[in-house]
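Enquirer: how would this look folded up:
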Amino acid sequence: MPLKKNNPSALLVSRRHLAQLLVLAVAGAGVAHILRKSSPLGRDISSNEIAQAVLHDKNSPSQEVAQPTLTLVIFTDYRCPACKIANTAMEKAVQQDRHVRVIYRDWPIFGPMSERAARVAIASDRQGIYPLVHARLMHERRDLDEGILRYAVERSGGNWTQIETDLQAFGEFIDDQLRRNRQDAFQLSLTGTPSYLAGPIIVTGAQDETSFKRLFAAGREAVKE
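Expert: Residues are numbered from 1 along each chain as shown. As a prediction, this is how the structure comes out:
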């Protein structure tokens, strides 16, 4: 039986078809990208009394700025992979903005070592080094243990012996802090860590740097309304 020869017309149609599919795929990806960037980020909970209390919290550890125009509250866990991934993007967005006050709400939901790390971090606030300890623990990629917690404190300029003393002396205060963080998270209907409250706009899940900037803009806009 003689072999069939390739049909040049068929090949041309096939190539045209593939080219059209490629164009459609690229266009679809572009539209999806635009939709992600233009779609609303988070939900507005301006009417939630707990949200207002959280935004005006004076007892939780915080990172202050000279002229804040927005308060960002973060609910995180030091053993939460998504929290660690998002933390670098958040730090960059906050540093570039320069007018975002950050309130830290430790919400340890990944087991006993998560709670231990949260307690150590909260205790470090009495030495004025909480933001530094928080950053070191978020950038830490090893499994947390007592040695790493001590390393984070001491590398942040803290005294580990004082941490141990404060954990004992202020244990009830730390208990209350963690209990309040947990209760507020539930009353804000948070589904897990990380979660962020920028003004009255709340969003759950890891965000990239661009998304954090959008979140800041949305929070400021919602405050004006």
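
Enquirer: when you work out contacts or count neighbours from here on, use the C-alpha atoms and nothing else.
Expert: Will do.

Enquirer: walk me through the domains of this structure.
Expert: As given by automatic domain parsing, the domain ranges for the chain are 6-39, 43-224.

Enquirer: dump the ones you listed into CSV; add mean pLDDT as well.
Expert: CSV is the format used below for the domains of the chain (pLDDT from 0 to 100):
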stretch, mean pLDDT
domain 6-39, 48
domain 43-224, 97
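
Enquirer: mean neighbour count, these: which tops it?
Expert: Greatest average neighbour count among the domains of the chain goes to domain 43-224 (a mean of 18), per mean count of other Cα atoms under 10 Å.

Enquirer: run the chain-centre distance for that domain.
Expert: Relative to its chain's centre, domain 43-224 lies at 8 Å (Cα atoms, centre = their mean, to the nearest Å).

Enquirer: how long is it end to end?
Expert: 16 Å (Cα to Cα, to the nearest Å).

Enquirer: strands of this structure, residue ranges please.
Expert: Taking DSSP state E as the criterion, the chain carries its strands at 43-44, 62-63, 70-76, 100-106, 195-198, 201-204.

Enquirer: okay, these in TSV with distance to Glu225 next?
Expert: Below are the strands of the chain laid out as TSV (distance: least, Cα to Cα, whole Å):
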stretch	distance to Glu225
strand 43-44	11
strand 62-63	26
strand 70-76	14
strand 100-106	19
strand 195-198	14
strand 201-204	12
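
Enquirer: so which of those strands comes closest to Val54?
Expert: Val54 lies closest, by Cα to Cα, to one member of these: strand 70-76, at 7.5 Å.

Enquirer: good, we can wrap up now.
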